[in-house]
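Q: Got a predicted structure here, sequence first:
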Amino acid sequence: MIVIETFNVTKDFRIIDDKPKTLKDKILRINKKAEKKIFRALDNVSVSIQEGDVVGLVGRNGSGKSTLLKLFSRIIFPTEGSINIKGRVCSLLELGAGFHPDFNGIENIYMNASLFGLSKKDITEKLDDIIGFSELGEFIYRPIRTYSSGMYMRLAFSVAISVDPDILLIDEVLAVGDSAFQQKCINRISELKSLGKTIVIVTHDHSIVEKLCNYSIWLKNGVVKAEGHPKEVIIQYLNDLADEENNRLNQEEDISVTTLSNTPINENQDFPVSELSIDASVDRWGNKKVRIHEINLLNKQGEKKRNFRTGESLIIEMNYEIMSNNKNISFGIGLFRNDGLCCYGTNTDVDKIDCSKISTNGIVKFIVDSCEFLPGEYWLDVAVHSKEGEPYDYIVKAKKFMFFSERNDIGVMRVDHKWEIT
Ligand SMILES: Nc1ncnc2c1ncn2[C@@H]1O[C@H](COP(=O)(O)OP(=O)(O)OP(=O)(O)O)[C@@H](O)[C@H]1O
């Protein structure tokens, strides 16, 4: 049975743009006429959620997830389209919404649970369970303005689950609890799931979606981009994030190249940096016996990329030119995390690659079939030098790149492993 259904739902917000247009306006504050604009937060959204579904709403900040959840809870109403909801809805949308800061925890339990339709008798019967679940101890007798955001969340979640809703809406609140309480909430959500309750969760934590949800909806700029099995939806979403990040980094590169070509050459710098498509904040030195003219990061298909999935191929390509009859050459790379941690470094000499017969102009490639770096921002340093270390061309922070992953292991790079449990 379908319990939540939206038909071509559009939600517009009226926003007031009273930004001063000029410096004079700003100083004299003469632009009093605020411009009214319409912002479309949701555009033609048609989704249906079955009874017993646990749905993860995912998407970037501002994509419309909370707006959709608020529409489900009838806090706001659609500009166009319609929504059908069947059953009692309980929502955990904003932390502490419905709580009074000067009341203590117990008083707030009575007030909040009665807002969800519970009688005083029902609440009294459930009170011990609610307090027990919240683990607030003595704090339950204190005014909740003295609570931390995690404590608010404990109280709000404990009340929400005690209301015995048919549909539970949860907006990102799980993130504020400590990990032990978060796990307890996840366990309770799983119990509610096994009781056939319908739950819709907004979260940026994809592991929660994968662990808990049987369905996921990805919103982008107010439009449903994909829905279905959580793992598949999340992969599509992460791929899209990666493409966006790729474009951003490539644009940054274009900017940096333009900026660099207009930058006067530092007299201590051996090379005009403008000749190379490298990123900003370049530190470059060497005696020019061999020069690196271009550096690219590529995927297996040979496409230029800046954003790689953990486990994907990474190819570093350098166009070089040998300026004199030089046979003593070693190419090197260094991969650094953005906090400066050296993740890996090597050179052709260390790897026993003979460079004595290479042509005067050419391309050297450093190929990693499966690069296991964990999500984060990284920098590439490249170098060409003699085997004894005489620097020909050293370039620090030549390229910035990113890794992303839908898994949640931690550290610097993934280690090939297996588990055995006997
Ligand atoms: N009351 C409002 N008035 C004007 N604009 C609003 C209002 N509520 C939401 N918006 C805008 O609608 C868009 C969607 O907001 P929403 O809160 O639904 O996004 P979200 O996907 O939940 O984001 P986040 O992940 O950051 O919580 C945003 O651009 C937001 O600024």
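A: Perfect, I can see it now.

Q: And the helices in the stretch 1-150 of the chain?
A: For the stretch 1-150 of the chain, the helices defined by DSSP state H, counting those that start in this stretch occupy 23-28, 65-72, 105-115, 120-134, 149-162.

Q: could you point out the longest strand in this structure?
A: strand 2-17 (DSSP state E).

Q: Show the secondary-structure elements that that strand is packed against.
A: Judged by 3 or more Cβ pairs under 8 Å, 6 or more residues apart in numbering; DSSP states H and E, the packing partners of strand 2-17 are strand 35-45, strand 48-50, helix 65-72, strand 80-85, strand 198-202. (Each C-beta comes from the backbone N, C-alpha and C, glycine too.)

Q: Looking at those, which one is packed in the most?
A: strand 198-202 (a mean of 25; mean count of other Cβ atoms under 10 Å).

Q: From the chain's centroid, how far away is that strand?
A: What separates the centre of strand 198-202 from the centre of its chain is 20 Å, taken as Cα atoms, centre = their mean, to the nearest Å.

Q: List the pairing partners of that strand within its sheet, with orientation.
A: Counting by DSSP bridges, the strands paired with strand 198-202 are strand 54-58 (parallel), strand 167-171 (parallel).

Q: Between the helices and strands packed on strand 2-17, which one is closest to Glu372.
A: With respect to Glu372, and counting by Cβ to Cβ, the nearest of the helices and strands packed on strand 2-17 is strand 198-202 at 30.2 Å.

Q: tell me the mean pLDDT over the closest one?
A: When pLDDT is averaged over strand 198-202, the result is 94.

Q: Packing partners of whichever helix or strand comes after it?
A: Following strand 198-202 in sequence order, the next helix or strand is helix 206-212 (DSSP states H and E). Judged by 3+ Cβ pairs under 8 Å, 6+ apart, the packing partners of helix 206-212 are strand 54-58, helix 179-194, strand 198-202, helix 230-262.

Q: which residues are in contact with helix 206-212?
A: By Cβ atoms under 8 Å, 6 or more residues apart in numbering, the surrounding residues in contact with helix 206-212 are 54, 56, 58, 174, 186, 189-190, 193, 199, 201, 203, 216, 230-231, 234, 238, 406, 408.

Q: Show me which of the residues you listed are buried.
A: 54, 56, 58, 174, 186, 189, 193, 199, 201, 203, 216, 230, 234, 238, 406 (16 or more other Cβ atoms under 10 Å).

Q: between the residues you listed, which is nearest Val223?
A: Once Cβ to Cβ is applied, the member of the buried ones among the contacts of helix 206-212 that ends up nearest Val223 is Val58, at 13.5 Å.

Q: Report the separation between the residue nearest to Ile410 when sequence neighbours are not counted and Thr124.
A: Leaving aside its chain neighbours, Ile410 sits nearest to Leu374 (7.0 Å; criterion: Cβ to Cβ, 6 or more residues apart in numbering). Distance, Leu374 to Thr124, by Cβ to Cβ, to the nearest Å: 50 Å.

Q: what does Lys184 give?
A: Distance from Lys184 to Thr124, by Cβ to Cβ: 24 Å.

Q: Good, wrapping up.
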